[in-house]
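Provide a 3D model corresponding to the input given below.
(chains A and B)
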Amino acid sequence: MTLTEFLQHMANGVSLGSLYALIAIGYTMVYGILRLINFAHGDIFMIAAYVAFFGIGIFSLPWWVSFILAVVITAFIGALIERAGYRPLRNSPRISVLISAIGISFLLENLGLVLFGGRPKAFYRPPVFAQVFLVKGVAVQVLTIYIPLVTIVLLACLLYLVHKTKTGMAMRACSRDFETARLMAINVDRIVSVTFVVGSALAAVGGIMWSLKFPQIHPLMGIFPGLKCFIAAVLGGIGNITGAVIGGFILGILEIMLVAFFPALSGYRDAFAFVILILILLFRPTGILGETMAEKV
Amino acid sequence: MKGITLTVPEGRIVSLIGANGAGKSTTLRAICGLVKPTSGEITYNGKSLVGLPTQDIILEGITMVPEGRRVFPNLTVYENLLLGAYARNDVQGISSDIKRVFELFPRLEERQNQLAGTLSGGEQQMLALGRALMSRPKLLMMDEPSLGLAPLVVKNIFEKIKQIHDEGTTILLIEQNAKAALELSDYAYVLETGKIVLEGTGRELISNSEVKKAYLGEEIIGDF
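Presented below is the predicted three-dimensional model:
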């Protein structure tokens, strides 16, 4: 393998990894606050892709309006899911909420199959994102550059929100101690909603960029990315935002490199993520940046 | 809890003493709305607090320093104090209140950028108390402020409580350290398994033989 080839794989890995990172953040934020693995998160990602698809295809909106609308609507749906599916179970045993999350995931997938049909649809790729340029004879899609850039900008905004704003301070407080947070006059329900809005909006951006990169969408498209991003979050140390991003990048780069170096194993690329999950759970259950292992779900 | 009646007059220090499981913490948690009483009345300045969400009760001017301090270990000392003023928007008032807390507890100023989880127990208690003051409470409730602290630190904390009270805050105190609490209090209630069995001024109770026997441990000291 030549250096240029390696660099191209690396660029692909970084680009895939940043998509994983965006989605993994949603898992880790919700886990940090509610100690819940939000299994519906992958389906949120799918909804964003469909909303963007219909915005362009049916309502003939300009692509960027459609994308923004998709992010807003998806964020709202994310908060709605929490309100309807998780909040009523706030004081129930954790396993009940987890079952509710799995139920909502199935509901969204099957609702998708009924409403949108099972046949994959071609996602419109605006010409801006379809450009290809050559670097020393290697073809690079502009998307491969845009995706990590968008991720980094969003990550910077998120870290600002969490560490520098009053709402972020309240989120960090809620992640440790709901009851004392209440004593600070924090409206805990509102903070939980904000968490779902932010996490779902990031997943929506991830879903749209994913659909630009792999322009074919279907109602079950969220399952594998969802599971892999959950693994990325565990790899980085679930509950830790920076950890989720690191986990996402590692997983994306490793996956691409596996396929690049061992083309014979490329059929196992999805299974590979689970091998990593098993290894982490065996040898470092707290993940790379995780400190304390909260109760298992 | 089996139905207790207690009154905290404005400007006083009232304490609630009793053994573990007597229902002291539950009483405070009910006042803050952290647990909902199945029946009964809680009124504050004539206004009923039953059924109000905790954040509204805090806005009424009530606050609690919870048992075990419960500072946010992942936030800095300064951020913990800011959270105490979460409901307020007067930037200047908040920064002058932080200064006041730092005057009361100079230790906190030295450590303001440190994570609260790295503080010693006594410092965490100071922080929890300072954080509670940041909401400018009219009624400050404290659940076992002396728990797990060295005697010297306890003495210091009680001096500060007195100082806070002298500056005009009404205080409702729960303590296992009955002697310290009674010495400080204007009035006190003794709770046993959910019922009030005795009440009186701090001075009266401290010389009451039953209280002496059960809570002040004087007989045990007499054995030596």
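
drop to CA atoms for contacts and neighbour counts, all remaining ones
Noted.

report the rounded mean pLDDT for stretch A:194-209.
In this model, stretch A:194-209 carries a mean pLDDT of 97.

please save the CA atoms from it in CSV.
Extracted C-alpha coordinates of stretch A:194-209, given in CSV (Å, rounded to 0.1, in the frame of the first residue of the first chain):
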residue,chain,number,x,y,z
VAL,A,194,-32.6,20.1,26.5
THR,A,195,-30.3,17.1,26.6
PHE,A,196,-32.6,15.2,24.2
VAL,A,197,-33.0,18.2,21.9
VAL,A,198,-29.2,18.6,21.6
GLY,A,199,-28.5,14.9,21.3
SER,A,200,-31.2,14.4,18.7
ALA,A,201,-30.1,17.5,16.7
LEU,A,202,-26.5,16.2,16.5
ALA,A,203,-27.9,12.8,15.4
ALA,A,204,-29.9,14.6,12.8
VAL,A,205,-26.8,16.3,11.4
GLY,A,206,-25.1,12.9,11.5
GLY,A,207,-28.0,11.3,9.7
ILE,A,208,-28.1,13.9,6.9
MET,A,209,-24.3,13.8,6.4
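
how far off centre is that stretch?
7 Å (C-alpha atoms, centre = their mean, to the nearest Å).

so who does B:Arg70 touch?
The contact partners of B:Arg70, taken as C-alpha atoms under 8 Å, 6 or more residues apart in numbering or on different chains, are A:Asp177, A:Thr180, B:Ala128.

in chain B, which residue sits nearest chain A?
In chain B, the residue that lies nearest chain A is B:Gln55 (3.9 Å; C-alpha to the nearest C-alpha).

for that residue, helix, strand, or coil?
Of the three states, B:Gln55 takes helix under DSSP: H, G, I helix; E, B strand; the rest coil.

hang on, it packs against A:Asp189?
No: the criterion here is C-alpha atoms under 8 Å, and B:Gln55 misses it with A:Asp189 at 11.2 Å.

tell me which of those two has more neighbours.
Comparing B:Gln55 with A:Asp189 by other C-alpha atoms under 10 Å in any protein chain shown, the one with more neighbours is B:Gln55, at 22 against 16.

residue 100 sits in which helix or strand?
As the question left the chain open, I've gone with chain A. Using DSSP states H and E, A:Ser100 falls within helix A:94-116.

right idea, wrong chain: chain B
Per DSSP H and E, B:Arg100 falls inside helix B:91-104.

does chain A sit close to that helix?
No: using C-alpha under 8 Å from any C-alpha of the partner chain, helix B:91-104 never reaches chain A; the gap is at least 12.3 Å.

all helices of the stretch 1-150 of chain A, in order?
Assigned by DSSP state H, counting those that start in this stretch, the stretch 1-150 of chain A shows helices spanning A:3-34, A:41-57, A:63-81, A:94-116, A:127-130, A:142-164.

can you pull the buried residues of the first one?
When neighbours are counted by 16 or more other C-alpha atoms under 10 Å in any protein chain shown, the buried residues of helix A:3-34 are found to be A:8-34.

which ones are touching the residue of the stretch 51-200 of chain A found nearest chain B?
Minimum separation of the stretch 51-200 of chain A from chain B (C-alpha to the nearest C-alpha) falls at A:Ala185, amounting to 3.9 Å. Contacts for A:Ala185 (C-alpha under 8 Å, 6+ apart) come out as B:Thr54, B:Gln55, B:Asp56, B:Ile58, B:Leu59, B:Tyr86, B:Ala87.

max pairwise distance over those: which two?
Spanning the widest gap among the contacts of A:Ala185 are B:Thr54 and B:Tyr86, at 13.2 Å by C-alpha to C-alpha.

find the nearest non-adjacent residue to B:Cys154, please.
One thing to correct before we go on: residue B:154 is Val, not Cys. Spatially, and ignoring its direct neighbours in sequence, B:Val154 is nearest to B:Ser146 (5.4 Å; C-alpha to C-alpha, 6 or more residues apart in numbering or on different chains).

partners of the helix or strand of chain A with the lowest mean pLDDT in the sheet?
Between all helices and strands in chain A, the lowest mean by mean pLDDT, DSSP states H and E belongs to strand A:138-141, at a mean of 79. Sheet partners assigned to strand A:138-141 using DSSP bridges are listed as strand A:132-135 (antiparallel).

what's the offset of the partner strand from the middle of its chain?
The chain centroid and the centroid of strand A:132-135 are separated by 28 Å, computed with C-alpha atoms, centre = their mean.

one more: stretch B:54-65?
How far stretch B:54-65 lies from its chain's middle: 13 Å, per C-alpha atoms, centre = their mean.

for that stretch, which positions count as buried?
Judged by neighbour count (16+ other C-alpha under 10 Å), stretch B:54-65 contains these buried residues: B:Thr54, B:Gln55, B:Asp56, B:Ile57, B:Ile58, B:Leu59, B:Glu60, B:Ile62, B:Thr63, B:Met64, B:Val65.

and if you look at stretch A:61-81?
Buried residues in stretch A:61-81, counting neighbours by 16+ other C-alpha under 10 Å, are found at A:61, A:63, A:66-81.
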